[in-house]
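Undergrad: Build me a structure from this.
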Amino acid sequence: MSGTVRSKLADKNLEVWIEEDVSIEYVNLCAKSLSSIDDNLIEDICKAAISYSEDFCEMVGQEPPKIEKMRDILQYVEFGSMLVDEPEDKSVPVVHLTGGCEWEPEHGIEVIIRNGELIYLGAYNGAWAWGELEHYEEDYNYAFVVKQSVDIEKEN
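TA: Predicted coordinates:
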C-alpha cells in the first residue's frame, strides 16, 4: 500500500510505503509522530546531517555544503518517502525517511526515529528500524555523533 503524509521536517508531502499486513492504526501513529517532530529533534537531525556531509565530503575530497545556521543543511536534503514496516511493538511509532542529499548523490540519506528518538542518520542502506540501539552504533551512523556530544555536555 502507499499514500502521502505531510512532513514538517521536509515541509512537503512525502510518499508513504506501507508493508503488507501493517494496520492503518499503526500507519496513523507513525504519521502523527512525523507531524509532531519537535524543534529539538529537528536540531538533532540537522547536527547529524551536517556531520554526515562533512565526513563524506572529507572522504571524497569535495567541499561540504555552506552552512550558516544549523537548519541550512535541510536545503541540501530532499526527503522523498517514509517507510512503514511491520512493527515489533504497535505502540511505538517509527519515522523511517529516505531521500537524496547533494553531497552523496549515489546513496542519499536515511533517517530512523523510533519513539521520538533519532537512532539512525546516514547513507541509505535499508536499515532495520527495530534493532537494539547497539545495532546502529556502527561506523557512519551520524545519529551517534549527536548522542555522543549530548553525553559529553551532560558530563561537563
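Undergrad: Every contact and neighbour count from this point should use C-alpha atoms.
TA: OK.
Undergrad: now the strands for the protein?
TA: Ranges of strands in the chain, per DSSP state E, are 2-7, 12-18, 77-84, 94-101, 109-114, 117-122.
Undergrad: could I get these as a markdown table with distance to residue 48 and mean neighbour count?
TA: Formatted as a markdown table, those follow (distance: least, CA to CA, whole Å; neighbours: other CA atoms under 10 Å):
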| stretch | distance to residue 48 | mean neighbour count |
| --- | --- | --- |
| strand 2-7 | 19 | 15 |
| strand 12-18 | 21 | 17 |
| strand 77-84 | 12 | 21 |
| strand 94-101 | 13 | 24 |
| strand 109-114 | 10 | 23 |
| strand 117-122 | 7 | 23 |
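Undergrad: a markdown table for these, including distance to residue 34 and mean pLDDT?
TA: As requested, the strands of the chain are exported to a markdown table (distance: least, CA to CA, whole Å; pLDDT from 0 to 100):
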| stretch | distance to residue 34 | mean pLDDT |
| --- | --- | --- |
| strand 2-7 | 6 | 88 |
| strand 12-18 | 11 | 93 |
| strand 77-84 | 9 | 95 |
| strand 94-101 | 6 | 96 |
| strand 109-114 | 9 | 96 |
| strand 117-122 | 12 | 94 |
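Undergrad: Out of these, which is closest to residue 57?
TA: Nearest to residue 57 among those is strand 94-101; the distance by CA to CA comes to 11.9 Å.
Undergrad: Parallel or antiparallel, which strands does the closest one pair with?
TA: Paired neighbours of strand 94-101 in the sheet (DSSP bridges): strand 77-84 (antiparallel), strand 109-114 (antiparallel).
Undergrad: if we can go back for a sec, so which of the strands of the chain comes closest to residue 31?
TA: Distances from residue 31 to each of the strands of the chain were compared using CA to CA; the minimum, 6.6 Å, belongs to strand 2-7.
Undergrad: Next, the angle from that closest one to strand 77-84.
TA: On the basis of axes from the mean of the first three to the mean of the last three CA atoms, to 10 degrees, strand 2-7 is oriented at 130 degrees to strand 77-84.
Undergrad: Contacts for strand 2-7 next, please.
TA: Residues from elsewhere that reach strand 2-7, judged by CA atoms under 8 Å, 6 or more residues apart in numbering: 12, 13, 14, 15, 16, 17, 18, 31, 34, 35.
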